[in-house]
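# what's the 3D shape of this:
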Amino acid sequence: VSLVESGGGLAQPGGFLRLSCAASGFSFSDYAMGWFRQVPGRQREFVAAISATGKSTDYENSVRGRFTVSRDNAKNTLYLQMNSLEPGDTALYYCGKTRGALLMRHHNDLSYNYWGQGTQVTVSS
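Sure thing, here's the model as predicted:
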């Protein structure tokens, strides 16, 4: 299993970024996926998740309405569109593969069995 994030970088407050997560080594369309983020000294926290079919999504409250999670099962790729970025969004962002197709306990990082290496997002003027 391989998960490779990309798309991070420096953005101004109010700006936008689109993260991608390229998946390989497993049947991508059979598993729910998620995005988490982590800042130094703090635990990794849930950001967004999407079911295997893409029909169900969920978001952490502080990003709801600003971030959109999506997936392209034909391209084995997960996305996170981040709009109206805030300095508090600065973190290392990880994509993760869950253990099943549905969104269950997806806020808990123990529900994920594989992670990418992360991509840094910095929001600053």
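
# alpha carbons only for contacts and neighbour counts from here, please
Noted.

# who are the neighbours in contact with the residue most central in space within the chain?
By C-alpha atoms, centre = their mean, the chain has its centre lying nearest to residue 35, at 2.2 Å. The contact partners of residue 35, by C-alpha atoms under 8 Å, 6 or more residues apart in numbering, come to 46, 47, 48, 49, 80, 93, 94, 95, 96.

# Counting neighbours, what do you get for the first one?
For residue 46, the count of nearby residues is 21 (other C-alpha atoms under 10 Å).

# tell me what the helix or strand that contains it is packed against?
Taking DSSP states H and E as the definition, one finds residue 46 inside strand 45-50. Contacts defined by 3 or more C-alpha pairs under 8 Å, 6 or more residues apart in numbering; DSSP states H and E place strand 45-50 against strand 33-38, strand 57-59, strand 67-72.

# wait, which of those is closest to residue 116?
Evaluated over the helices and strands packed on strand 45-50, closeness to residue 116 peaks at strand 33-38, with 10.0 Å, by C-alpha to C-alpha.

# So for the closest one, mean pLDDT?
The average pLDDT within strand 33-38 is 98.

# quick one: it to chain centroid distance?
Strand 33-38 has its C-alpha centroid displaced from the chain centroid by 4 Å (C-alpha atoms, centre = their mean, to the nearest Å).

# Sounds good, over and out.
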